[in-house]
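**Q** how would this look folded up:
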Amino acid sequence: MAPMASMAHQAPLTHPVALLARRAATALAAAAVLGAAAAPAAYADSPSASPKKLPDGLYGTKDPQYDGVWRQSLALLAQDTVGLRPAAPAVRWLVGQQCADGSFTAFRAEPGKPCDSKTMRDTNQTAAAVQALAALGGHGDAVKKAVDWLKSVQNEDGGWSSMAGSASDANSTSVVIGALAAAGEKPQSVTSKKGGKTPYDGLLTFQLGCDAKEGERGAFTFQLKGAAPNADATAAAATGARGKGFVVAPADHREETPVKPLNCKDGSEKAGKGDPAQAAEGGGAYLVAQLDKNGQHLLSAMPGAEKQPDVGNTADAVVALAAGGHGAAAAKPLKWLEKNAADWAGQSGPAAYAQLVLAAHATGTDPRSFGGTDLVAALNATGPKPAAAPQKDTEDAEDSTDGGSISVWWVIGVGLAIGAGIGFLLSNRKKNQL
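**A** Reported below is the predicted structural model:
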């Protein structure tokens, strides 16, 4: 979710966003998918400077320059998931970030100023916004424009990078798949203009098959072929390969169906290749092995980082396992989160609280009683107070109207893509460590 994500994810210094994401290096202010990811030097002099005063309607108190849209999208999506109706100012802020071409960027200090060639549009932030606005309802035009833009920047291999024109990565491709599904599209029918590749074709190229080391089979790399397995990329891909986004239907924690690793007994080096469902199972099996090895949490995937628990990535793994219907496997790391995630979320902010709410939802756990913490109340306290009413049937006409007209903002993502050296968005899918 990342990104992912959350949720800020970690992203490589050469990868502008890769989450937030959830999904980054050190302070990409996303606390999300994307730990906080470090902002690439290339964006240090971005035209969207850090605001002296935070905009009305924005969740969180930290600098939104690198994760504004990401954390806002996750916050609104989490509220909607638990039956709350997000505050109108918060929804208007998000819709107002959209550029005229449909894309989003992490933060635009001057939403009234049209996006130009210097505006750093980002697929992770855009995909996160699509998932949130599609869930809220009443923003059909904004969602359609965003999806059309995402399709226009699809790479020849069928995948996406956080920034258009760069090589595809597992996290960005996964969060876009989630956005397509949320918008009512069939990801398998979205093909690249050159080559006719689907998002699944692109995503599965990052999975390590039977020709990899035994303990690495089924894992996904962030980007480069031959790179080391990446738990953040694997969690994102194991969800995306099932055609799901940040929100997945609750899995029964009593479900004992084991996660199936890639079947390499027949000696085939292509086991699971081409089959998204089998690829997702293989990724899930890798995650379970890593969780069991480390005490039901995942470790930081950032190169050079100390081997310490990665809370955001562990939450992503919970969602990935639940997405496959493996409730029992997801329940174990969830218990670890209930005992250890509160301080991380408090330091990280709204995206982190949202990420935990979504993990709780995916396992049928009450987010209002999460290891002694009311995640919903904590999330709501970081921004405008939502209403306790189902949002889809009572969408304010004002929100719907503003949703289609205010278009302009740039997205450079905060970590939604923690990957081969990173740090959703998308993150994507950028996670604070314990």
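**Q** Report how far apart the opening and closing residues of stretch 315-330 are.
**A** Using Cα to Cα, to the nearest Å, one end of stretch 315-330 lies 9 Å from the other.
**Q** average pLDDT for it?
**A** For stretch 315-330, the mean per-residue pLDDT is 96.
**Q** can you give me how far it is from the chain middle?
**A** Averaging C-alpha positions (Cα atoms, centre = their mean, to the nearest Å) puts stretch 315-330 15 Å from its chain's average.
**Q** now do stretch 373-390
**A** Here stretch 373-390 shows a centroid-to-chain-centroid distance of 20 Å under the convention Cα atoms, centre = their mean.
**Q** any residues touching that stretch, and which ones?
**A** Here stretch 373-390 makes contact (Cβ atoms under 8 Å, 6 or more residues apart in numbering) with 57-61, 75, 78-79, 82-87, 89-90, 342, 345-346, 349-350, 353-354, 356-357, 360, 367-368. Using the backbone N, CA and C atoms, a C-beta is placed for each residue, glycine as well.
**Q** just for the stretch 151-300 of the chain, where's the confidence low?
**A** Low-confidence segments of the stretch 151-300 of the chain (pLDDT under 70): 225-226, 255, 266-273.
**Q** residue boundaries of the helices in it?
**A** Ranges of helices within the stretch 151-300 of the chain are 170-182, 199-204, 231-240, 276-294, based on DSSP state H, counting those that start in this stretch.
**Q** closest to P261 out of these?
**A** For P261, the closest of the helices of the stretch 151-300 of the chain is helix 276-294, at 3.7 Å, according to Cβ to Cβ.
**Q** how far off helix 170-182 does that closest one point, in degrees?
**A** 130 degrees (axes from the mean of the first three to the mean of the last three Cα atoms, to 10 degrees).
**Q** Just the buried positions in helix 276-294, please.
**A** 276, 278-291, 294 (16 or more other Cβ atoms under 10 Å).
**Q** residue ranges for the strands of the stretch 1-150 of the chain, please.
**A** For the stretch 1-150 of the chain, strands defined by DSSP state E, counting those that start in this stretch do not occur.
**Q** what about the helices in it?
**A** Under DSSP H, counting those that start in this stretch, the stretch 1-150 of the chain gives helices at 68-81, 88-95, 123-136, 140-152.
**Q** before we move on, the earlier item: tell me which of the helices of the stretch 151-300 of the chain lies nearest to H253.
**A** Shortest separation from H253 across these is recorded for helix 276-294, at 14.7 Å, computed as Cβ to Cβ.
**Q** what angle sits between that closest one and helix 231-240?
**A** Using the same axes, to 10 degrees: helix 276-294 against helix 231-240 is 140 degrees.
**Q** Reformat the helices of the stretch 1-150 of the chain as JSON lines; add distance to L321 and mean neighbour count.
**A** Listed next are the helices of the stretch 1-150 of the chain as JSON lines, based on distance: least, Cβ to Cβ, whole Å; neighbours: other Cβ atoms under 10 Å:
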{"stretch": "helix 68-81", "distance to L321": "18", "mean neighbour count": "33"}
{"stretch": "helix 88-95", "distance to L321": "29", "mean neighbour count": "23"}
{"stretch": "helix 123-136", "distance to L321": "20", "mean neighbour count": "34"}
{"stretch": "helix 140-152", "distance to L321": "27", "mean neighbour count": "20"}
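**Q** re the thing from before, could the helices of the stretch 151-300 of the chain go into a markdown table alongside distance to L262?
**A** Formatted as a markdown table, the helices of the stretch 151-300 of the chain follow (distance: least, Cβ to Cβ, whole Å):
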| stretch | distance to L262 |
| --- | --- |
| helix 170-182 | 16 |
| helix 199-204 | 12 |
| helix 231-240 | 12 |
| helix 276-294 | 4 |
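**Q** out of these, nearest to K307?
**A** When the helices of the stretch 151-300 of the chain are ranked by proximity to K307 (Cβ to Cβ), helix 276-294 comes first, at 8.6 Å.
**Q** what distance separates the closest one from the centre of its chain?
**A** Distance of helix 276-294 from its chain centroid, counting by Cα atoms, centre = their mean, is 18 Å.
**Q** which secondary structure elements does it contact?
**A** Contacts defined by 3 or more Cβ pairs under 8 Å, 6 or more residues apart in numbering; DSSP states H and E place helix 276-294 against helix 199-204, helix 231-240, strand 298-299, helix 311-323, helix 327-340.
**Q** Now do the contacts for the nearest residue to V248 once chain neighbours are set aside.
**A** Here the nearest residue to V248 in space, its sequence neighbours aside, is A323; by Cβ to Cβ, 6 or more residues apart in numbering that works out to 4.3 Å. Counting by Cβ under 8 Å, 6+ apart, A323 touches A238, T239, R242, K244, V248, A251, A280, A362.
**Q** So what's the residue count around the first one?
**A** Residues contacting A238 under the criterion other Cβ atoms under 10 Å number 33.
**Q** ok, back up a step: who wins for proximity to D316 among the helices of the stretch 151-300 of the chain?
**A** Nearest of those to D316, taken as Cβ to Cβ: helix 231-240 at 3.8 Å.
**Q** Pull out the CA atoms of that closest one and give them to me as CSV.
**A** The C-alpha coordinates for helix 231-240 follow below in CSV (Å, rounded to 0.1, in the frame of the first residue of the first chain):
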residue,chain,number,x,y,z
ALA,A,231,10.8,-7.3,1.3
ASP,A,232,9.0,-4.0,0.7
ALA,A,233,8.8,-4.6,-3.0
THR,A,234,7.6,-8.2,-2.3
ALA,A,235,4.8,-7.0,0.0
ALA,A,236,3.7,-4.5,-2.6
ALA,A,237,3.9,-7.0,-5.4
ALA,A,238,2.1,-9.8,-3.6
THR,A,239,-0.8,-7.4,-3.2
GLY,A,240,-0.6,-5.9,-6.6
